[in-house]
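S.K.: sequence first, then the predicted structure, then my questions.
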Amino acid sequence: MSDCNLQTAFIEKGCLPHQAEFASAFFAADSARKHLLVSAPGLGKGYVVAAIVNYALSTGVAHHVLVLADRSDLVNQWQAIIRRVNPDLPVMVIDRRRYRELEDSCPVGDSIWPVVGVVILALDFASQPDVADALARSPLDLLVIDEVRPAPRQTHRAKFLLDVVDRPKTRVLALQAGGLWTKVEIDDSSSLFQDAAVTIWSGETLRDDQGKRLLPEVRLEWVVYKRPAEELEVLAQLQNAARSLNTTTPQMRLFAASLLQSASSSPFALEQRLLRIRQRRNDLVHNIEINTPSENEAAEVGMDEPEMANIDELARGVIQLSSITESLSKMLEDLPSDSKCDALMALLNDLDSFKSPEHRVCVFTKFVDTATYLASTLQEVCSQVMVITGSSSFVERDQKLAEFVRDGGVLIATEAVEAPFPEVAAVIFYDIPLSPTVLESRIGRFVRIGRLAPRIVAFMDESNALVIERLQRRIADFKESFSESEIQRALFSDAAELLPQRPGKSGSQ
Amino acid sequence: MNLSQITLRTSDGDAQPVTALFHRLNSVLPVNQKIVSVAPDMLAADALKKLKEYRFSQLPVVVGREVLGIFSYRSFANAVVTLGQNAPKNQRFNALELQVDDCLEKPTFARVTDEFVEWFDFVDQHDALLVGEPNRLQGIVTAMDILRYLYGVASPFVLIAEIELGLRALMQLAVNAETLAACATECLKDKYTDQLPTRLEDMTFNDYVQIIGDGRSWDHFQKFMGGNRARTRAKLEQLRDLRNIVFHFKRGITVEEHETLAAGREWMLLKARAAEARREEANQ
């Protein structure tokens, strides 16, 4: 099939022109073996991957397709994306338990992978030596790598990627997230894709036939509210306590930063976190294993993943932290107000959300606790309030999203939720992430081709009480990234004014 | 038809064998288990140090993916006794010169699809069980793994029972039967068209939450639940939702949700202790 015919075929399958152009270039006779697609959120890179996988399997160009998801919670999402294009494609998600069952059902030495089809694995799982070894012994025609990390560390993961990408008979399609506003920079320090054909889709460059931007432009609006004295007192006490902690270990810094973020989010999230700290202290006292902070948790507060959890240090830290919980819990219990929640209610009133549910509004928060609390509060005045969190099953998410599309109202979601959100009138960031890339990717879920731009709103406390909130604002306004040491200096130093200064840098809104 | 060939779509839309829903050895094996092993030519003294370092009682002896046997304190002791007794009289026997392959025990293997209850006696006698085949070791199950797994499965039910019974007891302390019936009539009238429950035993957990979290009855419960109504209500609703997930087997709960249940139970215990203390104070 000629390139032109192929492009038409992809358009007939529902691809947009830029997607069809990329897909036909991927299958062109003189196409490079490796392709790197760098795309701003909202331009449909997931869809084009699914279309390419479907075409490759349906035409026999490929029999064995491997999709490597960046995180384990994304494997089911990839399965859903691929099935959306063709529900009949044989797609299998494999985790450790499934892997063991497959091994058990095959004689030693036989391949456990399906003869034809798509296998989806989380990259960390695929990099484990026994799985990597089994993959190396199996044929692989097409490899999709979701979210190539700019500078992989010297780990099993990095070694596995080098090996699998270099297989000479395997076509490789790697994806990298580009910014919505920020300039796309390809950081390929690992040299994995030096010889790849690179395609960049950005909101600036992609235009329609009339030269109009495909992605609508958005700007962030701040809603200013004022915390009363009793709320400020709780925050001041917490901030001082965080600074007085021995935050020399990465785990403790992570614990303390998460605690400050929960305080910024809502009194309920703080209260619940304090209860969990108390519970962890009890577990430690009774020698019950405790959970250590995860990579995702670390990334969310702008820190590197702690190298290796030192349980003794962690235990000392949790016991130290729990010593501050008593007085703070008491203060929280007596706290009558929640000015940020009041500001949200006023904003939703202004947006007419309570009277006109057809104006769909999505509220994002980092914390499941805040999501539950907001839903509970909003349900008293509005019947159409739904919540989805990272732990909701895919069926639950689909049901709630369908309800949200049909009936409108307010959808409260935690930031962990990866789902196809519908067009909305406004997106409210109840909490702002500590990374401009994360913020952009979350806004990008709503700024899609063919949709009107939603209002993007965030909250700002007039009193500037929490240093972490000042950092969040700088990140959102100026798209600044702060290094881990800068964040820590700001959060845990006694001199609160040590906020990094970046003169001359301005926002691009 | 082979049962393992029947597949179903789970709530996450993934096709998996029906048998995967059952509690078998595969469920008990930790997902991120890293197998520690020793080579057959390692000195037994070094292998003993390894046992001490990892606080294990035994280790598989492995070459490539082939499991040759088990090295343990017991296999070492047996080897010392046997080889020591059989050593030539004119030769000095030195246990520290033994190699791992002088102290091997024959391994027994279970399959991931086996019922773990079938292996209880074996684990009781040997402390651990190899899973897989001699040339494909998939994991090792210890008695602690089984205990942890069963604790993980059972603890949400236990936590929820404590929370629910604790909440019921607090409500009984807060209001008498007459006031409770009045609160129920007021707060639940939109939910029940007939047979409105007025006794705690007849109500659901959601009824408790609706009554306590309702602004019209909050004054009765504030003293016992403490704090702010919106936050108390949110906390109870969070626990109610988790209760529904657990009791209706909607899906497995996450680590964070388990922490929420444990924290909810801790909160309920604090409230119960405060209520007891107040009652004792009043009685004195």
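M.R.: That came through fine.

S.K.: put the alpha carbons of stretch A:68-83 into CSV.
M.R.: Taking C-alpha atoms only, stretch A:68-83 is exported to CSV below (Å, rounded to 0.1, in the frame of the first residue of the first chain):
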residue,chain,number,x,y,z
LEU,A,68,6.0,-1.6,28.3
ALA,A,69,4.0,0.6,30.5
ASP,A,70,5.9,3.2,32.6
ARG,A,71,4.1,2.2,35.8
SER,A,72,2.2,-0.9,36.9
ASP,A,73,-1.1,1.1,37.4
LEU,A,74,-1.0,2.0,33.7
VAL,A,75,-1.0,-1.5,32.2
ASN,A,76,-4.8,-1.8,32.4
GLN,A,77,-5.1,1.7,30.8
TRP,A,78,-3.0,0.5,27.9
GLN,A,79,-5.2,-2.6,27.5
ALA,A,80,-8.3,-0.4,27.4
ILE,A,81,-6.7,2.0,24.8
ILE,A,82,-5.8,-0.9,22.5
ARG,A,83,-9.2,-2.6,22.9
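
S.K.: number of residues surrounding residue A:85?
M.R.: Residue A:85 sits with 20 neighbouring residues when counted by other Cβ atoms under 10 Å in any protein chain shown. The way it works is simple: take the backbone N, C-alpha and C, and place the C-beta from them, glycine included.

S.K.: contacting residues for residue 50?
M.R.: Here I'm looking at chain A. A:81, A:82, A:84, A:85, A:86 (Cβ atoms under 8 Å, 6 or more residues apart in numbering or on different chains).

S.K.: switch to chain B, please.
M.R.: B:36, B:38, B:56, B:59.

S.K.: and those, which two are the farthest apart?
M.R.: Based on Cβ to Cβ, the longest span within those runs between B:38 and B:56 and measures 10.4 Å.

S.K.: more crowded one of the two?
M.R.: Comparing residue B:38 with residue B:56 by other Cβ under 10 Å, the one with more neighbours is residue B:38, at 23 against 16.

S.K.: any idea what the more buried one is bridged to?
M.R.: residue B:61 (DSSP bridges).

S.K.: so for it, what's the pLDDT?
M.R.: Residue B:38 is assigned a pLDDT of 96 by the prediction.

S.K.: contacting residues around it?
M.R.: So residue B:38 contacts B:46, B:47, B:50, B:59, B:60, B:61, B:62, B:71, B:100 (Cβ under 8 Å, 6+ apart).

S.K.: let's see it at 6 Å
M.R.: B:47, B:59, B:61, B:71, B:100 (Cβ atoms under 6 Å, 6 or more residues apart in numbering or on different chains).

S.K.: swap in residue B:230?
M.R.: Contacts of residue B:230 (Cβ under 6 Å, 6+ apart): residue A:377.

S.K.: one step back: in a markdown table: the contacts of residue A:50, plus distance to chain B, secondary structure and pLDDT.
M.R.: What follows is the contacts of residue A:50, written out as a markdown table (distance: Cβ to the nearest Cβ, whole Å; DSSP: H, G, I helix; E, B strand; the rest coil; pLDDT from 0 to 100):
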| residue | distance to chain B | secondary structure | pLDDT |
| --- | --- | --- | --- |
| A:81 | 12 | helix | 90 |
| A:82 | 11 | helix | 93 |
| A:84 | 11 | helix | 88 |
| A:85 | 15 | helix | 91 |
| A:86 | 15 | coil | 91 |
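
S.K.: weed out the non-buried ones from those.
M.R.: When the contacts of residue A:50 are checked for burial by 16 or more other Cβ atoms under 10 Å in any protein chain shown, the buried set is A:81, A:82, A:85, A:86.

S.K.: where's the first one relative to residue B:38, distance?
M.R.: So that's residue A:81. Taking Cβ to Cβ, to the nearest Å as the measure, residue A:81 falls 45 Å from residue B:38.

S.K.: how many neighbours does residue B:45 have?
M.R.: Neighbours around residue B:45, by other Cβ under 10 Å: 14.

S.K.: make that residue B:25, sorry
M.R.: Residue B:25 has 26 nearby residues by other Cβ under 10 Å.

S.K.: enumerate every residue touching it.
M.R.: Here residue B:25 is in contact with B:110, B:112, B:114, B:116, B:131 (criterion: Cβ under 6 Å, 6+ apart).

S.K.: which residues touch residue B:28?
M.R.: Residue B:28 neighbours (Cβ under 6 Å, 6+ apart): B:116, B:141, B:145, B:146, B:149.

S.K.: now do the phi/psi pair for it.
M.R.: phi -80, psi -30 (degrees, to the nearest 10).

S.K.: how much space between the nearest residue to it once chain neighbours are set aside and chain A?
M.R.: Distances taken as Cβ to Cβ, 6 or more residues apart in numbering or on different chains put residue B:149 closest to residue B:28, at 4.6 Å, once the chain neighbours are dropped. Here the criterion is Cβ to the nearest Cβ, to the nearest Å. By it, residue B:149 lies 12 Å from chain A.

S.K.: what helix or strand is residue B:149 on?
M.R.: Assessed by DSSP states H and E, residue B:149 sits inside helix B:143-174.

S.K.: all good on my end, thank you.
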